[in-house]
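Asks: I need the structure of the sequence given here:
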Amino acid sequence: MVFSGCKGAPATHCSNKGGNPYTVLDKSPAVVEKPYIIIDGDSFKLMVPRLELNKVGTTPNFDNADPIDFSQVYVASASDSAA
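Replies: Predicted coordinates:
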């Protein structure tokens, strides 16, 4: 198992004696979280997280994202062509 940028991760070890082998990185070199949707008053916004370097732990309150108004977002439907 690999733990990257996790607080409280187990110690690194290479063998499977006494449990699974673990690789632990103190920091995640580069992370971009998944986009997510919020409701802002009467409208929806697509929040697009920005790149974070040498990240440890979580980003509080999703402070690291740029909002995109849904009028600028294409929402695909099952009848759309992929071509």
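Asks: burial count for the closest residue to residue 51 other than its chain neighbours?
Replies: The shortest distance from residue 51 to any residue that is not its chain neighbour, by C-beta to C-beta, 6 or more residues apart in numbering, is 5.3 Å, and that residue is residue 32. Where you see a C-beta, it was placed from the backbone N, CA and C, and this is true even at glycine. Using other C-beta atoms under 10 Å, residue 32 has 11 other residues around it.
Asks: also the one 5 residues further on?
Replies: By the criterion of other C-beta under 10 Å, residue 37 has 10 neighbours.
Asks: please, which helix or strand holds residue 3?
Replies: Counting by DSSP states H and E, the element that carries residue 3 is strand 2-4.
Asks: neighbouring strands of that strand in the sheet, and parallel or not?
Replies: With DSSP bridges as the test, strand 2-4 is paired with strand 23-25 (parallel).
Asks: quick one: distance of the strand it pairs with to the chain centre.
Replies: Taking C-alpha atoms, centre = their mean, to the nearest Å, one finds strand 23-25 lying 18 Å from the centre of the chain it belongs to.
Asks: which residues does it contact?
Replies: Counting by C-beta atoms under 8 Å, 6 or more residues apart in numbering, strand 23-25 makes contact with 1-6, 9-12, all of which sit outside it.
Asks: same deal with stretch 26-41?
Replies: For stretch 26-41, the surrounding residues in contact (C-beta under 8 Å, 6+ apart) are 4-5, 44-56, 59, 62, 64-65, 67.
Asks: end-to-end on it?
Replies: From the first residue to the last, stretch 26-41 extends over 39 Å; the measure is C-alpha to C-alpha, to the nearest Å.
Asks: buried residues, that stretch. List them.
Replies: Buried residues in stretch 26-41, defined by neighbour count with 16 or more other C-beta atoms under 10 Å: 28, 31, 33.
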